[in-house]
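Task: produce atomic coordinates for the following.
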Amino acid sequence: MRQFDVHELRSGAGGLVLILQNDLTDMLDSCVVAPVMAGPGMPIARLRPAMTFQARDVIVAIDRMAAIERRAIGRYEGTLRAFEAEFKAAIDLLFFGF
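Numbers count the residues shown, from 1 in each chain. Have a look, this model is predicted:
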């Protein structure tokens, strides 16, 4: 799993998550992720970046990030690395207010 890649969840509920955690922490049994949700939904300026992924409008809900067990992360679906700056800005806004 690489930072800013999108994976399917293994749980029966399905859904997609964005890997937020840096690759250098692969030895941990948990990983910080944010849900990738159908959009445009509620794109909150800078906090829930909106984009197109696999020909669908989606938002990444940075405000709903969570640590989950790595074993809950399933199949690789693609990458959103091109939006790295937007994700970092959203994290800065959430934790530091700017």
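
Give me the spatial nearest neighbour of Ser11, chain neighbours excluded.
Leaving aside its sequence neighbours, Ser11 sits nearest to Ala72 (Cβ to Cβ, 6 or more residues apart in numbering; 6.3 Å). Glycine gets a C-beta too; all of them are placed from N, C-alpha and C.

do Arg48 as well
Using Cβ to Cβ, 6+ apart, the nearest residue to Arg48 is Ile59, at 4.6 Å.

Pretty sure the one you found sits in a strand.
Yes - checked against DSSP: H, G, I helix; E, B strand; the rest coil, Ile59 lies within a strand.

Any chance you could spot the residue sitting in the middle of the protein?
Leu18 (2.4 Å; Cα atoms, centre = their mean).

okay but it is in contact with Ile59, surely?
No - contact criterion Cβ atoms under 8 Å: Leu18 and Ile59 do not qualify, at 10.5 Å.

any shared contact partners between those two?
Val36 (Cβ atoms under 8 Å, 6 or more residues apart in numbering).

thought Asp63 was touching Leu93?
No - using Cβ under 8 Å as the test, Asp63 is too far from Leu93 to be in contact (9.1 Å).

which residues are in contact with both of the two?
Leu47.

mind listing what's buried in stretch 69-85?
Ile73, Glu77, Thr79, Leu80, Phe83 (16 or more other Cβ atoms under 10 Å).

CA atoms only for that stretch - export them in CSV, please.
The C-alpha coordinates for stretch 69-85 follow below in CSV (Å, rounded to 0.1, in the frame of the first residue of the first chain):
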residue,chain,number,x,y,z
GLU,A,69,-6.3,-2.5,10.7
ARG,A,70,-4.3,-3.2,7.6
ARG,A,71,-6.0,-6.5,7.2
ALA,A,72,-9.3,-4.6,6.6
ILE,A,73,-7.8,-3.0,3.5
GLY,A,74,-8.5,-4.9,0.3
ARG,A,75,-7.9,-4.7,-3.4
TYR,A,76,-6.0,-1.8,-5.0
GLU,A,77,-8.3,0.4,-7.1
GLY,A,78,-6.0,3.2,-8.3
THR,A,79,-4.2,6.3,-7.1
LEU,A,80,-5.0,9.9,-6.4
ARG,A,81,-1.4,10.9,-6.0
ALA,A,82,-2.0,13.8,-8.4
PHE,A,83,-4.1,15.4,-5.6
GLU,A,84,-1.4,15.2,-2.9
ALA,A,85,-1.3,19.0,-2.4
